[in-house]
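Chemist: predicted model and sequence follow; I will ask about them next.
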Amino acid sequence: MATAAPAPAAALAAPVTHYENFPVASLLCPPHLRQPIAAIYAFARTADDIADEGDATPAARLADLAAYLADLHAIAQGQAPSPRWADVFLPLQGVVRSHRLPVPLLEDLLSAFAQDVEKTRDAEGYADRAELLDYCRRSANPVGRLLLHLYGVHDAQALQQSDAICTALQLINFWQDLSVDIPRHRHYLPRADCAAHGACQAELLALQSTRENARLIADCADWARTTMESGAPLVHRLPGRAGWELRLVVQGGLRILDKVEALKGGSLHTRPRLHTWDWLVMLGRALVM
């Protein structure tokens, strides 16, 4: 699944059982926030798996997400969750109570996961960038806002910059995962962009590298880079270790974009990944931000 809800939270202190672009058990995470962040990560990761992992039917996935949402509402009201996901919701309930987490942000994540189940290739994906950005608003941006809430940062400019970073990470995840998502009926290249570049839907769905497809992917990658750069000044607003953590998140996203761009449309059949050398590059760039 292409959703990157956990990805913006590079500080998430939880065991890694899935491939992630960015660290989820970083030593840079302030110790007093590791448990709250781990609880949020577990909530998002479990919901993501409900929506995407295994061989359940779409109807079964949507039913499980509805039950998951009911458990969220239960703990928000001080009630006990169902036994099924108690290991997720009992820790989260404590965090919701102690840190006054904005529950609507958690609801937004579940809304996006349900949309991913419903919106398949048969629905021809997303019409334009505005529609895709609305999905990012619910699938990625809440993670950044939840983290800012934990850090005690609430001003409008910081929230806007956080949204830009998280949206960029989601878009980067899309352009990185084209070779994985399209065969699974996940199509995030907006139809308006495809038309503007003369990209043929049939060729995209067949993962064919053409000049038109290469221009389309390059333009989408540039869109993600511009979005990331607009949010990058937030790294100077977060104190100490959190600011350094965010620097690595930003540079990790930009490094993936370097690889997407270098493939010149080849991400339709090759998934770029970060390697040891890339982490050294990211660290050097983080130091000079």
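Modeler: Everything's here; your move. Residues are numbered from 1 along each chain as shown.
Chemist: what residues are up against residue 256?
Modeler: Residue 256 makes contact with 21, 172, 176, 272, 274 under the criterion C-beta atoms under 8 Å, 6 or more residues apart in numbering. For glycine as for every other residue, the C-beta is placed from the backbone atoms N, C-alpha and C.
Chemist: how about 10 Å then?
Modeler: Residues in contact with residue 256 (C-beta atoms under 10 Å, 6 or more residues apart in numbering) are 21-22, 169, 172-173, 175-176, 221, 224, 267, 272-274, 278.
Chemist: so residue 274 makes contact with residue 254?
Modeler: No. If you go by C-beta atoms under 10 Å, residue 274 and residue 254 don't touch, sitting 11.3 Å apart.
Chemist: joint contacts of the two?
Modeler: Contact criterion C-beta under 10 Å, 6+ apart; residues shared by residue 274 and residue 254: 281, 282.
Chemist: which among the contacts of residue 256 count as buried?
Modeler: Buried subset of those (neighbour count, 16 or more other C-beta atoms under 10 Å): 21-22, 169, 172-173, 175-176, 221, 224, 267, 272, 274, 278.
Chemist: now distance to residue 70 and pLDDT too, for the residues you listed, in a markdown table please.
Modeler: Output for the buried ones among the contacts of residue 256, formatted as a markdown table (distance: C-beta to C-beta, whole Å; pLDDT from 0 to 100):
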| residue | distance to residue 70 | pLDDT |
| --- | --- | --- |
| 21 | 32 | 40 |
| 22 | 31 | 39 |
| 169 | 29 | 96 |
| 172 | 33 | 97 |
| 173 | 28 | 95 |
| 175 | 35 | 97 |
| 176 | 33 | 96 |
| 221 | 39 | 98 |
| 224 | 35 | 98 |
| 267 | 38 | 95 |
| 272 | 39 | 95 |
| 274 | 37 | 92 |
| 278 | 42 | 92 |
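Chemist: inside strands: which ones of the residues you listed?
Modeler: Residues of the buried ones among the contacts of residue 256 located in strands (DSSP state E): none.
Chemist: tell me which of those residues is nearest to residue 106?
Modeler: Lowest distance from residue 106 to the buried ones among the contacts of residue 256 (C-beta to C-beta) belongs to residue 169, with 18.4 Å.
Chemist: how about the strands of the stretch 1-150 of the chain, start to end?
Modeler: Here the stretch 1-150 of the chain has no strands by DSSP state E, counting those that start in this stretch.
Chemist: give me the below-cutoff pLDDT ranges for it.
Modeler: Filtered on pLDDT under 70, the stretch 1-150 of the chain yields the residue ranges 1-28, 120-123.
Chemist: recalculate using a threshold of 80.
Modeler: 1-30, 120-124 (pLDDT under 80).
Chemist: check which residues of stretch 184-191 are buried.
Modeler: Across stretch 184-191, burial judged by 16+ other C-beta under 10 Å covers 186, 187, 188, 189, 190, 191.
Chemist: which one of the residues you listed is nearest residue 144?
Modeler: Nearest to residue 144 among those, with distances taken as C-beta to C-beta, is residue 188, at 19.3 Å.
Chemist: wait, the closest one sits on residue 133?
Modeler: No. Using C-beta under 10 Å, residue 188 is not in contact with residue 133; the gap is 11.3 Å.
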